[in-house]
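Undergrad: sequence below, structure please.
(one chain, ligands or ions: 2)
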Amino acid sequence: MFIMKRKSIYSGVFLIVLILAGCGSSNLTVSKSKITGPRNIILFIGDGMGVAQVYAGITLSNQTFSLEKFPYSGFSKTYSANNYITDSAAGGTAIACGTKTNNGMIGVGPDSSSVSSILEIAHKNGLATGVVSTSSITHATPASFVAHNAGRGNYEDIAKDFLKGTVDVFIGGGADNFRARKDSVDLTAKLKEQGFSVVYTLDELKNTNSKKIAGLLAKFHMPTELEGRGDALKHMTMKAIETLSKNKNGFFLMVEGSMIDFGCHAKDFNYAESEMLDLNEAIDAARDYAASDGNTLIVVTADHETGGLTLNGGSMKEHKVTEPKFSGGEHTAVMVPIFSYGPDAEKFSGIHENTFFLNQFLNYFNIK
Ligand code: MG
Ligand code: ZN
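TA: Residues are numbered from 1 along each chain as shown. Ligands and ions are numbered 1, 2, ... in the order given. Here you go, the predicted structure:
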């Protein structure tokens, strides 16, 4: 009886919404979310970041973990078109393009035909766009937002897709894929012709005021956190936000903590968790921006879990995990977490296919 009552109230509200929607649906959506300025999305992907990787980060951290400040959380089902266990290419493509594809494929469906990414659609609608990663920028996760290639290992072909004009800011490793290529073509010269500031160090990155930035901070992957990368990811993220937020129509930015996956493949807990904590710091800086901006939605998720990490002992008081174990050095099939913050964040709670992000992002931007 109570449920029936609620249902009838909701259908009454729904009717009013429909009537209002007929008068101008975009206005309705804007007022509902109390958004006043341009809409922005910052998507963080922790490659290989399962619940155990996050919980170990919470345990090791001696201050409140940024992800604990996110009001909503959910789960994503990561299986690919041809495998119960996805790789980062199919996982990235599902998140970026809303299409399940075969392992190894970037920005294409299982039949190898191109599918549009949220970044490309945002660009077409006049928003600024960016990708940031600690791996080579041509590696599977960032590539899924910018490139279309049936083979994730075709790094030099994938690099060419960064010249198609869809991405305004890209910062990561991968310099050799742009300027030490088998075809001897110097893509950085072409990027400069397109108005990009091409930079190779963190200092050069900090000092550029260009609206288009190609940050190629390593020959291929950047150094690991244990090798002394420091807080580079946080600075790369904030530089991308500072640059993209100059666009009055809003922006879409994807930031990848690439090496949680690498550490788990190596079954090296300290490697993986140093990368987890580093990603968390970048997320915290972005969350501060979103908190003051008010129009920025932040979503944090993973493409898959890596290593089958379990935590078999430790102490929350002493911030330590004593018995981390990996079941293997490969990806696993388990669901991965989603954390969301900002306007419309509640829409990301629950269990979802990894293809559901695209439509949620398009709805948030009010674009198709
Ligand atoms: Mg990756
Ligand atoms: Zn991996």
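Undergrad: in the stretch 201-350 of the chain, what residue lies closest to ligand 1?
TA: residue 258 (4.5 Å; C-beta to the ion). Any C-beta I mention is one placed from the backbone N, CA and C, and that applies to glycine too.
Undergrad: tally of neighbours for that residue?
TA: 30 (other C-beta atoms under 10 Å).
Undergrad: distance of it relative to residue 182?
TA: 24 Å (C-beta to C-beta, to the nearest Å).
Undergrad: follow-up on the earlier one: the residue of the stretch 201-350 of the chain closest to ligand 1 contacts residue 47, doesn't it?
TA: Yes: using C-beta atoms under 8 Å, residue 258 is in contact with residue 47, at 5.2 Å.
Undergrad: what's the overlap in contacts for those two?
TA: Here residue 258 and residue 47 have 135, 141 as joint contacts, going by C-beta atoms under 8 Å, 6 or more residues apart in numbering.
Undergrad: ligand 1 contacts on the stretch 251-368 of the chain?
TA: When proximity is defined as C-beta under 5 Å from the ion, the stretch 251-368 of the chain approaches ligand 1 at residue 258.
Undergrad: show me where the stretch 251-368 of the chain has its helices.
TA: All helices of the stretch 251-368 of the chain, identified by DSSP state H, counting those that start in this stretch, fall at 259-265, 269-293, 357-365.
Undergrad: what do you get for the stretch 101-250 of the chain?
TA: Counting by DSSP H, counting those that start in this stretch, the helices of the stretch 101-250 of the chain are 118-124, 140-146, 155-160, 175-179, 187-193, 202-207, 232-244.
Undergrad: let's have those in CSV, adding mean neighbour count.
TA: CSV is the format used below for the helices of the stretch 101-250 of the chain (neighbours: other C-beta atoms under 10 Å):
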stretch, mean neighbour count
helix 118-124, 22
helix 140-146, 31
helix 155-160, 21
helix 175-179, 21
helix 187-193, 15
helix 202-207, 14
helix 232-244, 22
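Undergrad: now these as CSV including distance to ligand 1?
TA: Below are the helices of the stretch 101-250 of the chain laid out as CSV (distance: least, C-beta to the ion, whole Å):
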stretch, distance to ligand 1
helix 118-124, 15
helix 140-146, 3
helix 155-160, 13
helix 175-179, 15
helix 187-193, 21
helix 202-207, 20
helix 232-244, 13
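Undergrad: want to try a markdown table for those helices, with distance to residue 215 as columns?
TA: Shown next, in a markdown table, are those (distance: least, C-beta to C-beta, whole Å):
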| stretch | distance to residue 215 |
| --- | --- |
| helix 118-124 | 16 |
| helix 140-146 | 12 |
| helix 155-160 | 14 |
| helix 175-179 | 10 |
| helix 187-193 | 11 |
| helix 202-207 | 5 |
| helix 232-244 | 7 |
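Undergrad: tell me which of those sits nearest to residue 88.
TA: helix 140-146 (4.0 Å; C-beta to C-beta).
Undergrad: what is the closest one packed up against?
TA: helix 88-97, helix 118-124, strand 128-136, strand 169-173, strand 251-257 (3 or more C-beta pairs under 8 Å, 6 or more residues apart in numbering; DSSP states H and E).
Undergrad: for it, the averaged confidence score.
TA: Average pLDDT, helix 140-146: 98.
Undergrad: cool, stretch 46-64 as well?
TA: The average of the pLDDT scores along stretch 46-64 is 97.
Undergrad: neighbours around the residue nearest to residue 265 when sequence neighbours are not counted, how many?
TA: The shortest distance from residue 265 to any non-neighbouring residue, by C-beta to C-beta, 6 or more residues apart in numbering, is to residue 329 (5.1 Å). Neighbourhood size, residue 329 [other C-beta under 10 Å]: 13.
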